[in-house]
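**Student:** Give the three-dimensional model of this entry:
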Amino acid sequence: MPTRLEDEIKKQLDESRPIDIDKQGGIRKGDNTESPVNPETGEPVTRLKDNRWFSWYHDNHKRLLSEKNAMLIRFPDFSLTETLQGLTWTGYLSPNCTYYRIALIYPDNYPYSPPKVWVIEPKINAPKHQLPDGHLCLLHPSDSTWQTNTTAATIVAMASTWIWCYEYHQKYCGCSNVPCVHWPGTEA
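**Tutor:** Take a look at the predicted model:
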């Protein structure tokens, strides 16, 4: 049976929160202080943070090839580049009449976290399902849609559906109220 400390450490690891390690190599509950010290002894501790010294695609060539193949089959006009933000697919979607240029950016810990999608142009500001930094809310943690074998092609298809819903909302409502009954589809 795990102890409370073990439960807390597991929670910190699951949430990619910093972990403090004392000079004997013991792991202790982090206290988020600027200068990590053990409050009981005053001795310094080492703070492990979520770091990656290389990107996932340098280590997992088979997955990268799988991602490229899935995109080539389903979205052949998209291009893959390495940007400052990370490995990025860019291309156009047009679920109705307007063309939307999107960018899908893989996180460093892919495939354990999903990529994020932004509409680059035209500039949009949706009343629902768009986060403050502008990326589209395509997944909800409780719906279990994201799995480690889900590819970028699936996420781009979800973005196309999101854009269709956005256009439908703009056509039939255009409001900025949340919740809005004119956004099609079920909520998580």
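**Student:** can we go C-alpha only for contacts and neighbour counts from here?
**Tutor:** Noted.
**Student:** Is it correct that E121 is in contact with I102?
**Tutor:** Yes. In this structure, E121 is within contact of I102 by Cα atoms under 8 Å, at 7.2 Å.
**Student:** Compare these two and say which one has the larger neighbour count.
**Tutor:** More crowded of E121 and I102, by other Cα atoms under 10 Å: I102, with 23 against 12.
**Student:** Would you agree that one falls within a helix?
**Tutor:** No. Counting by DSSP: H, G, I helix; E, B strand; the rest coil, I102 is not part of a helix but strand.
**Student:** So what sits opposite it in the bridge?
**Tutor:** With DSSP bridges as the criterion, I102 is bridged to G91, V119.
**Student:** Surely it touches V117?
**Tutor:** Yes. Assessed by Cα under 8 Å, I102 is found in contact with V117 at 6.8 Å.
**Student:** Between those two, which contacts overlap?
**Tutor:** With contacts defined as Cα atoms under 8 Å, 6 or more residues apart in numbering, no residue is shared by I102 and V117.
**Student:** helices or strands next to the top helix by length along the chain in the packing?
**Tutor:** Among the elements of the chain assigned as helix by DSSP state H, the one spanning the most residues is helix 152-172. Other helices and strands packing on helix 152-172, by 3 or more Cα pairs under 8 Å, 6 or more residues apart in numbering; DSSP states H and E, are helix 61-74.
**Student:** Can you identify each of the helices in the protein by residue range?
**Tutor:** For the chain, the helices defined by DSSP H occupy 4-14, 56-59, 61-74, 152-172.
**Student:** Tell me how many other residues surround W89.
**Tutor:** When neighbours are defined as other Cα under 10 Å, W89 has 22 of them.
**Student:** Would you mind measuring from the closest residue to it other than its chain neighbours to K116?
**Tutor:** Leaving out its chain neighbours, the residue that sits closest to W89 by Cα to Cα, 6 or more residues apart in numbering is L80, at 4.5 Å. Going from L80 to K116 by Cα to Cα, to the nearest Å gives 14 Å.
**Student:** which one of these two has more residues nearby?
**Tutor:** Higher neighbour count among L80 and K116: K116, with 21 against 15, using other Cα under 10 Å.
**Student:** my guess is G134 meets W118, correct?
**Tutor:** Yes. Assessed by Cα under 8 Å, G134 is found in contact with W118 at 6.3 Å.
**Student:** Those two: who's more crowded?
**Tutor:** W118 (22 against 17).
**Student:** in the protein, which segments are predicted with low confidence?
**Tutor:** Across the chain, the ranges flagged by pLDDT under 70 are 1-3, 5-6, 8-39, 44-54, 174, 176-182, 186-188.
**Student:** give the contact list for C97.
**Tutor:** So C97 contacts nothing (Cα under 8 Å, 6+ apart).
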